[in-house]
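1. below is the structure, and that's it, no one-letter string:
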């Protein structure tokens, strides 16, 4: 699955992680996909749930094995 | 009969006109207060003519200006 | 509008997280222009919260200088500012709070001859009445009705306050509720009766809240309501007010079609 946009948030902590994703998703249309590179720990624990609460669908979660994850988010996928 | 003035119940022996209600309900500055009866404004020139009835809701709206004279 | 910088994403993160705001809403706030007439008890806290929120253009209108007796409630001014023009003191505080805000200052009293120019200077989106006298309050109301500008009216005294919001063609205006100015000395002022300092904070911040909601286009404004607050009993009341069909300025047949400088009558009411 090819993403429409890519965002790296391994350099920030919560809640700026969610803030950056939210702003990136605003630039996409419903149905488009955002690929997110984020850290283990608080980010991976909080972000997927917050995104679901906002009506977006998590298409996949991949553990890269180096302390980071890749998330594929479908904008508006749960609306 | 019971009317509500500024959200509080007020018991009246009989129906009063607005002029008298302002006195009984101890309205501040009755010459400058804006009166609403059941949501509608009552003009000052009608205060003596309009009577309140059981269940009516009356609001006294006051000027609040701030710090300075004039 | 440019994208938000990393610093702005952090500064406004608590706004952006809100479903009703987001990055889109924060950009609206950064683009917004709010005029605050009077940087006193009401205007001071309103200006500070709007600056913190990131309102991009804040206009401050005041011709007065900071006085020791102001400091009990006009928290935008500090002890070191005594004797300074209020608009300068206000501008300094805002600049230190938030570099995203541009402050426009007007060292004057609003009059029929200057208020139109002041409002049009930055084409302000929303006006906050923070004035402390009735001629100004009636003038601001009439100007906003004639210029079709949304605004927040408010007043405080002792332990009480009240506020209402006007949106052109959609709500009652101040004159719908109070058709005529009271005579001088008829209504107590803070100087005579006193005011608990925080009253300006509570009501002024409500005015700032209304400005932000208007800019964002969220929630229900205090249009068609007079919100009254009694701090002693800690009671808020939201009193529904209709548009006055006989209103001199905002009804279908207005008698006020031009701005004039009001002199408060000193004799009987209605004269």
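-> Structure's in. What do you need? The structure displayed is predicted, hence computed values, not measured ones.
2. who's in contact with the spatially closest residue to residue C:225 that is not a sequence neighbour?
-> In space, and not counting its chain neighbours, residue C:225 is closest to residue C:238: 4.9 Å by CB to CB, 6 or more residues apart in numbering or on different chains. All C-beta atoms are positioned from the backbone trio N, CA, C, and that covers glycine. By CB atoms under 8 Å, 6 or more residues apart in numbering or on different chains, the contact list for residue C:238 reads C:222, C:225, C:226, C:227.
3. what about the third one, distance to chain B?
-> Distance check for residue C:226 against chain B: by CB to the nearest CB, to the nearest Å, it reads 6 Å.
4. isn't that residue up against residue B:61?
-> Yes. Between residue C:226 and residue B:61 a contact is recorded at 6.1 Å, counting by CB atoms under 8 Å.
5. tally of neighbours for residue C:102?
-> 15 (other CB atoms under 10 Å in any protein chain shown).
6. same question for the one 4 residues further on.
-> Residue C:106 has 19 neighbours, counted by other CB under 10 Å.
7. same question for residue C:36.
-> Residue C:36 - counted by other CB under 10 Å - has 32 other residues nearby.
8. residue of the stretch 151-271 of chain C nearest chain B, please.
-> residue C:155 (3.0 Å; CB to the nearest CB).
9. up against chain A, what does chain C have?
-> C:3, C:4, C:9, C:10, C:13, C:16, C:17, C:19, C:22, C:23, C:24 (CB under 8 Å from any CB of the partner chain).
10. now the fifth one, what are its backbone angles?
-> When quoted as degrees, to the nearest 10, the phi and psi of residue C:13 stand at phi -60, psi -40.
11. one step back: turn the contacts of residue C:238 into a markdown table, including secondary structure.
-> Output for these, formatted as a markdown table (DSSP: H, G, I helix; E, B strand; the rest coil):
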| residue | secondary structure |
| --- | --- |
| C:222 | coil |
| C:225 | strand |
| C:226 | strand |
| C:227 | strand |
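12. tell me which element residue C:27 falls in.
-> helix C:22-31 (DSSP states H and E).
13. and residue B:60, by the same measure?
-> Counting by DSSP H and E, residue B:60 is part of strand B:57-61.
14. ok, the spatially closest residue to residue C:15 that is not a sequence neighbour - contacts?
-> Distances taken as CB to CB, 6+ apart place residue C:21 nearest to residue C:15, at 4.7 Å, with adjacent residues excluded. Shown in contact with residue C:21 (CB under 8 Å, 6+ apart): C:15, C:29, C:216, C:218.
15. residue C:205 falls within a helix, correct?
-> Yes. Counting by three-state DSSP, residue C:205 is found in a helix.
16. which phi and psi values does residue C:179 adopt?
-> Geometry field for residue C:179 lists phi and psi as phi -60, psi -30, criterion degrees, to the nearest 10.
17. check what pLDDT it gets.
-> Listed pLDDT for residue C:179 reads 96.
18. state the number of residues packed around the residue of chain A found nearest chain C.
-> Distances between chain A and chain C by CB to the nearest CB are smallest at residue A:23, namely 3.7 Å. The number of residues packed near residue A:23 is 20, by other CB under 10 Å.
19. cool, residue C:181 as well?
-> Residue neighbour count, defined by other CB under 10 Å, stands at 24 for residue C:181.
20. that older thread, chain center to the helix holding residue C:27: distance?
-> Relative to its parent chain, helix C:22-31 has a centroid offset of 21 Å by CA atoms, centre = their mean, to the nearest Å.
21. and stretch C:21-33, by the same measure?
-> In terms of CA atoms, centre = their mean, the centre of stretch C:21-33 is set 20 Å apart from its chain centre.
22. list the buried residues for it?
-> Applying a neighbour-count criterion of 16 or more other CB atoms under 10 Å in any protein chain shown, one finds C:21, C:22, C:23, C:25, C:26, C:27, C:28, C:29, C:30, C:32, C:33 buried in stretch C:21-33.
23. and the contacts of the helix or strand the residue of the stretch 151-271 of chain C closest to chain B falls within?
-> Using DSSP H and E, the element containing residue C:155 is strand C:150-157. The contact list for strand C:150-157, computed with CB under 8 Å, 6+ apart, reads B:63-66, C:41-42, C:125-130, C:137, C:140-141, C:144, C:161-168, C:174, C:188-190, C:193, C:195, C:199-200, C:203-204, C:206-207, C:210-211, C:214, C:222.
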